[in-house]
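K.L.:
just to be clear, the model below is a prediction. Sequence and coordinates:
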Amino acid sequence: MGIQVANKGKILTFGEILLRITPDAGGDWLRHNSLPFFIGGAELNVATALALWEVETRYFTAMPDNGLTAQLTDHLQQKGIDTSAIQKSGERIGLFFLTKGQDMKHDALIYDRAGSSFASLQPNTIDWDNALDGVNWFHFSAISPALSQQTADVCLEALEAASAKGITISLDLNYRAKLWQYGKLPKDVMPALVQHCDLIMGNVWAMNTMLGTDISTDLTETGQKSLYLKEAQYASEQIMKWFPKCKAVANTFRFGNNERIDYYGTLYTDGHLYHSEEYHTDEAVDKVGSGDAFMAGLIYGYCNNYNPAQIAEYASAAAFTKLFVPSDATTIKADQIIKTMKNAG
């Protein structure tokens, strides 16, 4: 049986808040003393989208106890996000620099998040009963356990607490090669976390790297859609065999160069692979956060009792429409995404 969501309860997303600094490639930021920034972090982007779509959402992160944190907290509350679980500890907020127009896979990405408040969280210091009170869905990404062993331990602690309460758990297998610098490989850490998950999202390459699923050696990012769908189903079947609690696996496929993007998504559940319409554009303005919008779309679909085909379509349309939003989180409302679904194809 697929994922069944309780009617009442909040979505808790768990992860590090970040400020994304976006210098332009031409160096105008130096000449004009102007360096644009965005508030982000994969799990916050999910929370922001869900709150926009009128899903009750709580966010867990850690920030230092200072005036900047107070301003950021007020900002999140204005977006409808419950900030009561935010921990005030540590010394700083994490940053990353990403050249305007690039995505997270390029060399234009520079992290500056070592020693952040979130990365400094310690196990056995968080009141999970309080953080999970009234929660029916817990979401995290593979970015958090990539930061340090202690952050990975805090993740496991959170998952054990959520599992004990019967809370639905989702994971985005965000693979960031520049993280994972503390002597562990993803395959050393992720299986212990994944065993708690009901829904796993990623792509066939991340699943291979982080969980060891098989992948065809000749599969490249220039192949045929039918081959990708076959690989998605095979990887999903392997994950659900290895991790019996997992009830659904989603894959995203985004290809392109420069502003050109081709996009679609899949959802495997109850022995069937569903795939969305394929979207195309030559006018993408910001690639950051499209995967987070897809993840939020999955949760939104389940919380609204969509069938699996509708969930795959909504999530893919949410991710595609995010490409036209110059920010980390989507600002596209649910009714506009549903309209995009109807127009697809």
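P.N.:
Perfect, thanks for sending it.
K.L.:
low-confidence stretches in the chain?
P.N.:
The model of the chain has pLDDT under 70 over residues 7, 105-106, 220-223, 258-259, 342-345.
K.L.:
in contact with the residue nearest the centre of it, which residues?
P.N.:
Most central in the chain under C-alpha atoms, centre = their mean is D292, positioned 4.0 Å from the mean C-alpha point. D292 makes contact with 42-43, 45-46, 49, 172, 322, 328-329 under the criterion C-beta atoms under 8 Å, 6 or more residues apart in numbering. Every residue, glycine included, has its C-beta placed from N, CA and C.
K.L.:
distance from the chain centre to stretch 332-345, please.
P.N.:
Distance of stretch 332-345 from the chain centroid (C-alpha atoms, centre = their mean, to the nearest Å) equals 21 Å.
K.L.:
hmm, who's touching that stretch?
P.N.:
Counting by C-beta under 8 Å, 6+ apart, 52-54, 276-279, 293, 297, 300, 313-314, 317-318, 320-322, 325 sit against stretch 332-345.
K.L.:
now list the buried members of these.
P.N.:
Burial by neighbour count, judged by 16 or more other C-beta atoms under 10 Å, picks out 52-53, 276-277, 279, 293, 297, 300, 313-314, 317-318, 320-322, 325 from these.
K.L.:
now, those that are in helices?
P.N.:
Counting by DSSP state H, the buried ones among the contacts of stretch 332-345 place 52, 293, 297, 300, 313-314, 317-318, 320-322 in helices.
K.L.:
reformat the residues you listed as a markdown table; add distance to L95.
P.N.:
Listed next are these as a markdown table, based on distance: C-beta to C-beta, whole Å:
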| residue | distance to L95 |
| --- | --- |
| L52 | 24 |
| A293 | 22 |
| G297 | 27 |
| Y300 | 29 |
| E313 | 35 |
| Y314 | 32 |
| A317 | 31 |
| A318 | 27 |
| F320 | 28 |
| T321 | 27 |
| K322 | 22 |
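K.L.:
how about these, which pair is most distant?
P.N.:
Maximum pairwise distance in those, criterion C-beta to C-beta, is 18.6 Å, between L52 and E313.
K.L.:
which of the buried ones among the contacts of stretch 332-345 sit farthest apart?
P.N.:
Most distant of the buried ones among the contacts of stretch 332-345, by C-beta to C-beta, are L52 and E277, 22.5 Å apart.
K.L.:
from the ones in helices among the buried ones among the contacts of stretch 332-345, pick the one nearest A108.
P.N.:
K322 (19.3 Å).
K.L.:
dump the residue contacts of that closest one.
P.N.:
286, 289-290, 292-293, 330, 332.
K.L.:
go on, H196?
P.N.:
Contact analysis of H196 by C-beta under 8 Å, 6+ apart lists 159-160, 162-163, 169, 245.
K.L.:
how about these in a markdown table, adding neighbour count?
P.N.:
Formatted as a markdown table, those follow (neighbours: other C-beta atoms under 10 Å):
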| residue | neighbour count |
| --- | --- |
| L159 | 23 |
| E160 | 11 |
| A162 | 23 |
| S163 | 16 |
| I169 | 21 |
| K245 | 12 |
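K.L.:
can you pick out the most distant pair from these?
P.N.:
Farthest pair in these, by C-beta to C-beta: E160 and K245, 12.6 Å.
K.L.:
what helix or strand does the residue nearest to P308 when sequence neighbours are not counted sit in?
P.N.:
Using C-beta to C-beta, 6 or more residues apart in numbering and skipping residues adjacent in sequence, the residue nearest P308 is Y274, 4.8 Å away. Per DSSP states H and E: Y274 is located in strand 272-275.
K.L.:
list the contacts of the spatially closest residue to L211 that is not a sequence neighbour.
P.N.:
Residue nearest to L211 in three dimensions, not counting chain neighbours: M190, with 6.1 Å by C-beta to C-beta, 6+ apart. For M190, the contact set (C-beta under 8 Å, 6+ apart) comprises 142, 145, 173, 210-211.
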